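[1] Predicted structure and sequence below. I'll ask about it afterward.
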Amino acid sequence: MKILVPIKRVLDYNIKARVKSDQSGIDLNNVKMSINPFDEIAVEESVRLKEAGKASEIVVVSIGSEKAQDIIRSAMAIGADRGILITTEKAIDTEIEPLMVAKALKEIVAKENPDLVIMGKQAIDDDSNQTGQMLAALLEWGQGTFASKIDISDGKANVTREIDGGLETISIKLPAIITTDLRLNEPRYASLPNIMKAKKKQMDIMSLEELGVDTTPRLKVIKVSEPPVRQGGIKVENVEQLIDKLRNEAKVI
Ligand code: AMP
């Protein structure tokens, strides 16, 4: 079984985002960028499937700038076999849209013929949560979204999903798309020997234009702004005062 894992290069989750002064987006100059956390979980899950003898090859693919080579190498250090980088001059956070990515991934699926695509449920920069679902629709494949457990057997994937008030397990025929939730696994740290080995693994680079994908924008970012500054709290003298404030000022009781 061959697995394709789409991975996105995003602002590292530990870094506080700074909005550009013209409010056109996030300032990505000289800040740490990393593999989208949900995509790292997708890579880890694929490697576990390979270690369990259920997958034979793991190919990671990223659409972005030349710099995205670093996250492809990181995924290879975790255990992916091969990488594909689809380069574009477009700004990854404002000009690359989920539909565009889904269309590019559809072309890669046609070239690579994977049995399974495992990807993040959402990219932490745009929080779109759209690409996996759009790709499933374009390919007319089944999809198991927000996976917290994946079990592959007999050409089927049993996907456990966290839903309101419990867990739902669905069975989908392969080929299929699975999107990862946070609790699916805890990605391993890449060992130094594996980081060295990753440097020698194959990475193919092509441009988004070469893929012949329609890149007409459907969305326009109007404004990006900081969340409102949190107001400071106050101290009350006693319980009576607290109840009074809750009743008469906050009007919550
Ligand atoms: P989104 O729909 O933007 O929240 O992204 C959902 C998932 O789609 C991500 O977790 C990635 O697996 C994949 N994805 C989104 N953008 C890209 C990209 N530029 N390159 C590769 N994969 C991507």
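    Yes, it's here.

[2] Could you check which residue of the protein lies nearest the ligand?
    Residue nearest to the ligand within the chain: Gly120 (2.2 Å; C-beta to the nearest ligand atom). Quick note: C-beta positions are derived from backbone N, CA and C, even for glycine.

[3] just checking, Val109 is part of a helix?
    Yes: looking at Val109 with DSSP: H, G, I helix; E, B strand; the rest coil, it is inside a helix.

[4] hang on, isn't it packed against Ile3?
    No: with contact defined as C-beta atoms under 8 Å, Val109 and Ile3 do not form a contacting pair (11.6 Å).

[5] Of those two, which one has the most company?
    Ile3 (28 against 20; other C-beta atoms under 10 Å).

[6] got a list of what that one touches?
    The contact partners of Ile3, taken as C-beta atoms under 8 Å, 6 or more residues apart in numbering, are 46, 49-50, 55, 57-59, 114-118.

[7] For my notes, confirm it occurs in a helix.
    No: Ile3 is assigned strand when assessed by three-state DSSP, not a helix.

[8] Quickly find the element holding the closest residue to Asp126 other than its chain neighbours.
    Residue nearest to Asp126 in three dimensions, not counting chain neighbours: Asp93, with 6.7 Å by C-beta to C-beta, 6 or more residues apart in numbering. For Asp93, there is no enclosing helix or strand under DSSP states H and E.

[9] for Met206, same thing?
    strand 203-207.

[10] Buried residues in that strand, which are they?
    Met203 (16 or more other C-beta atoms under 10 Å).

[11] What parts of the stretch 51-200 of the chain come near the ligand?
    By C-beta under 6 Å from any ligand atom, the residues of the stretch 51-200 of the chain that approach the ligand are 62-64, 96, 98, 101, 119-120, 122-123, 126, 128-132.

[12] can you tell me which of the residues you listed are in helices?
    If you go by DSSP state H, these have 98, 101, 131-132 in helices.

[13] can you give me the helices for the protein?
    37-51, 69-78, 98-112, 131-139, 192-198, 239-248.

[14] TSV please, covering the ones you listed and showing mean pLDDT.
    Formatted as TSV, the helices of the chain follow (pLDDT from 0 to 100):
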stretch	mean pLDDT
helix 37-51	98
helix 69-78	98
helix 98-112	97
helix 131-139	98
helix 192-198	96
helix 239-248	94
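
[15] thinking again about what came up before, which pair of the ones in helices among the residues of the stretch 51-200 of the chain next to the ligand spans the longest distance?
    Val101 and Gly132 (10.0 Å; C-beta to C-beta).

[16] circling back: what about the residues of the stretch 51-200 of the chain next to the ligand, which one has the most neighbours?
    Busiest of those [other C-beta under 10 Å] is Gly132, holding 30 neighbours.

[17] was I right about that one contacting Gly144?
    No: Gly132 lies out of contact with Gly144 (C-beta under 8 Å); the separation is 9.5 Å.

[18] Now list whatever residues contact both of these two.
    177-179.

[19] Save these as a markdown table, and put in pLDDT too.
    As requested, the shared contacts of Gly132 and Gly144 are exported to a markdown table (pLDDT from 0 to 100):
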| residue | pLDDT |
| --- | --- |
| Ile177 | 98 |
| Ile178 | 98 |
| Thr179 | 98 |
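
[20] which residue is nearest the middle of the protein?
    For the chain, Gly120 is the residue whose C-alpha lies nearest the centre (C-alpha atoms, centre = their mean; 3.4 Å).

[21] Tell me if I'm right that that one and Thr179 touch.
    Yes: judged on C-beta under 8 Å, Gly120 makes contact with Thr179 at a distance of 6.5 Å.

[22] before we move on, the earlier item: who does the strand holding Met206 touch, helix- and strand-wise?
    Using 3 or more C-beta pairs under 8 Å, 6 or more residues apart in numbering; DSSP states H and E, the elements in contact with strand 203-207 are helix 69-78, strand 82-87.
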